[in-house]
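Peer 1: need a 3D model of the sequence below.
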Amino acid sequence: MGRQHWKKIWVGSAGNMVEWFDWFVYASFATYFAGAFFPSGDPTAQLMNTAGIFAVGFFMRPVGGWLLGRVGDRKGRKAALTLTVTLMSASAVLIAVAPTYSVAGYGGALVLLVARLLQGLSVGGEYAASATYLTEASDPRSRGFASSFQYVSMTAGQIVGLGLQIILQRTMSDDALHGYGWRIPFVVGALGAAVIFYLRRNMLETEVYEEDASHAEERGTLRALWQHKREAFLVIALTMGGTVAYYTYTTYLTKYLSNSAGLPKETATLVSFTALIVFACLQPLAGRLSDRIGRRPLLITFAVGSTVLTVPIMTLLGHASGYWSALGLALLALVVVTGYTSINACVKAELFPTGVRALGVALPYAIANALFGGTAEYVALWFKKAGIESGFYWYVAGCAAVSLVVYVAMRETKDLDLARVKAAEGSGESSLTTAS
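Peer 2: Got it, this is the predicted structure:
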């Protein structure tokens, strides 16, 4: 890829990293601020309350997907990406200054809720805008490789968040972290978003979008998306297993190792931090592999592995006795998940024509995440509280099994060029066919 392509990938990825830093630090620091916004009592109940608010943010993602997907298709990818980071910055500020339960009762939880709603709007559009931007900005022969940087940047945001958590854990007392230290990452996130806002104001629009000749009034509309309803339902189905597995082994892993396996918070955080570094490095390798052998082999490998291995991996993780055993199991799980995360962005973007690509990726993906990704942690804690924690393992495996059926039936998208997808729209043909 040329220098111009790399510049676009860098700007798009850097903004994505800050977006997901703000999104994930809520989950990674929840163990410290859960007691600040709710009455004292059962720690698991407090985590369920904060997880519930975390899930609510996901239910705003379809709204954000529709709103910002429409902006991305009508005003450009640059406009959508600039708006998403603005919303995320505002939400980070709100969480950083939210009053605690002892100061304002449930008023602090209300501020937390509003902030998560704003984050849901932002991330609902961020995923599709960045997926579309990275796919369109890349060399057609390297779309898998280029789009893999979306999860590199997403994971990098979480790595930075966990790294900051490790630093705070080692430099602050536990009381200080519970008292005010948890606010620090949200201040950092707000400042980072301000920097990215400046970068995105000066980013280049993709050539594919600028050259698209579709009528402006038809861009980014639900009416236009309905013409590609089969692809939209495909996005929901192929996302189902991947998003549940991803959130299980990333955002929920630290809590699971601490709350279920009984590992110290510091050890659980270090396991997640190390595993995610390896996970981020795997994404471009798998993306490049998909450019050679296709997207379906990687997706099918993920689904088979997740269906078969989830129950034994989660069972063993629940009995992990130390850092190395937990790390080995976490890495095994994330290697399997890489088959989905490394290429799912480009697969979805390749299904839709330019005039509805951002909305086509955003809305169905956000719906799938609201139903499955955002609720994964809450479902896990519900099973735990009910005394049947292993039920969650089977739930994750079952979601992967459903997606496996879709991966086997869907067509290969590696060799589709974006202009041909556009032509298919005009001829009334579907860009999706069942694999032979």
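Peer 1: okay, the residue nearest to Thr354 when sequence neighbours are not counted: pLDDT?
Peer 2: Excluding the flanking residues, the one nearest Thr354 by Cβ to Cβ, 6 or more residues apart in numbering is Asp212, at 4.0 Å. For the C-beta atoms, the positions are set from N, CA and C on the backbone; glycine is no exception. pLDDT recorded at Asp212 is 72.
Peer 1: how near is Leu332 to Ser325?
Peer 2: 11 Å (Cβ to Cβ, to the nearest Å).
Peer 1: Trp182 too?
Peer 2: With Cβ to Cβ as the criterion, Trp182 and Ser325 are 28 Å apart.
Peer 1: which one of the two is surrounded by more residues?
Peer 2: Just comparing Trp182 and Ser325: by other Cβ atoms under 10 Å the higher neighbour count belongs to Trp182, 25 against 16.
Peer 1: so where do the strands sit in the stretch 301-436 of the chain?
Peer 2: Using DSSP state E, counting those that start in this stretch, the stretch 301-436 of the chain contains no strands.
Peer 1: can you pull out the helices in it?
Peer 2: Secondary structure of the stretch 301-436 of the chain by DSSP state H, counting those that start in this stretch: the helices cover 323-341, 344-349, 357-368, 376-385, 390-409, 418-427.
Peer 1: what residues does the longest one touch?
Peer 2: The set of residues external to helix 390-409 that reach it, using Cβ atoms under 8 Å, 6 or more residues apart in numbering, is 234, 237-242, 244-245, 248, 296, 299-300, 302-304, 306-308, 310-311, 314-315, 372, 376, 379-380, 383-384, 434-435.
Peer 1: could you rerun that using 7 Å?
Peer 2: 234, 237-238, 240-242, 244-245, 248, 296, 299-300, 303-304, 306-307, 310-311, 314-315, 372, 379-380, 383, 434-435 (Cβ atoms under 7 Å, 6 or more residues apart in numbering).
Peer 1: which parts of that helix are buried?
Peer 2: Using 16 or more other Cβ atoms under 10 Å as the test for burial, helix 390-409 gives 392-393, 395-397, 399-404, 406-407.
Peer 1: avg pLDDT for that helix?
Peer 2: 96.
Peer 1: same thing with the first one?
Peer 2: If you average the pLDDT over helix 323-341, you get 96.
Peer 1: kindly report the same for the second one.
Peer 2: For helix 344-349, the mean per-residue pLDDT is 91.
Peer 1: who are the packing partners of it?
Peer 2: helix 107-137, helix 143-147, helix 357-368 (3 or more Cβ pairs under 7 Å, 6 or more residues apart in numbering; DSSP states H and E).
Peer 1: just give me how far the second one sits from the chain centre.
Peer 2: To tie it back to what came earlier, the one meant is helix 143-147. How far helix 143-147 lies from its chain's middle: 17 Å, per Cα atoms, centre = their mean, to the nearest Å.
Peer 1: can you give me the helices in the stretch 151-300 of the chain?
Peer 2: Assigned by DSSP H, counting those that start in this stretch, the stretch 151-300 of the chain shows helices spanning 174-179, 184-201, 207-211, 222-226, 229-249, 253-259, 265-293, 296-317.
Peer 1: list of residues touching the second one?
Peer 2: Put plainly, it is helix 184-201. 11, 14-15, 18, 21-22, 25, 29, 78, 81-82, 85-86, 88-89, 92-93, 95-96, 161, 164, 168.
Peer 1: could you pull out the buried residues of it?
Peer 2: So, applying 16+ other Cβ under 10 Å, buried residues of helix 184-201: Ile184, Pro185, Phe186, Val188, Gly189, Ala190, Gly192, Ala193, Ile196, Phe197, Leu199, Arg200.
Peer 1: also stretch 251-263?
Peer 2: By 16+ other Cβ under 10 Å, the buried positions in stretch 251-263 come out as Thr251, Tyr252, Leu253, Thr254, Lys255, Tyr256, Leu257, Ser258, Asn259, Ser260, Ala261, Leu263.
Peer 1: now do stretch 9-19
Peer 2: Residues of stretch 9-19 classed as buried: Ile9, Val11, Gly12, Ser13, Ala14, Gly15, Asn16, Met17, Val18, Glu19 (neighbour count, 16+ other Cβ under 10 Å).
Peer 1: hmm, the first one is touching Phe145, no?
Peer 2: Spelled out, that is Ile9. No: in this structure, Ile9 is not within contact of Phe145 by Cβ atoms under 7 Å, at 9.5 Å.
Peer 1: could you report the pLDDT at Thr250?
Peer 2: 86.
Peer 1: quick one: low-confidence parts of this structure?
Peer 2: 1-5, 38-48, 50-51, 54-55, 101, 213-217, 417-436 (pLDDT under 70).
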